[in-house]
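Asks: No sequence on hand, only this structure:
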């Protein structure tokens, strides 16, 4: 029997898809943040969600 081939399963897969509609200015702001932080746009959104959640947890 041969060993399994392919990529190993990841710990926390990103399996949920979301579509959003944003303004041109918001899209530009998002891209500027991603460029400044040198991460993806999704990474910026995830960081933003973590910041909001942290501020809610402080209340």
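Replies: Received it, and whenever you're ready, just let me know what you need. This structure is a prediction, so every number in the text was calculated from the model and none was measured.

Asks: Figure out how far stretch 47-59 is from the centre of its chain.
Replies: 15 Å (CA atoms, centre = their mean, to the nearest Å).

Asks: which residue ranges form the helices in the protein?
Replies: Secondary structure of the chain by DSSP state H: the helices cover 24-37, 41-58.

Asks: Including distance to residue 13, mean pLDDT and mean neighbour count, could these go into TSV?
Replies: Using the backbone N, CA and C atoms, a C-beta is placed for each residue, glycine as well. Listed next are these as TSV, based on distance: least, CB to CB, whole Å; pLDDT from 0 to 100; neighbours: other CB atoms under 10 Å:
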stretch	distance to residue 13	mean pLDDT	mean neighbour count
helix 24-37	22	98	12
helix 41-58	14	96	11
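
Asks: closest to residue 9 out of these?
Replies: helix 41-58 (20.3 Å; CB to CB).

Asks: hmm, back to that, nearest to residue 10, out of the helices of the chain?
Replies: Minimum separation from residue 10 across those (CB to CB) falls at helix 41-58, 15.1 Å.

Asks: helices or strands up against the closest one?
Replies: Here helix 41-58 touches helix 24-37, going by 3 or more CB pairs under 8 Å, 6 or more residues apart in numbering; DSSP states H and E.

Asks: circling back: mind putting the helices of the chain in TSV, distance to residue 9 included?
Replies: Output for the helices of the chain, formatted as TSV (distance: least, CB to CB, whole Å):
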stretch	distance to residue 9
helix 24-37	28
helix 41-58	20
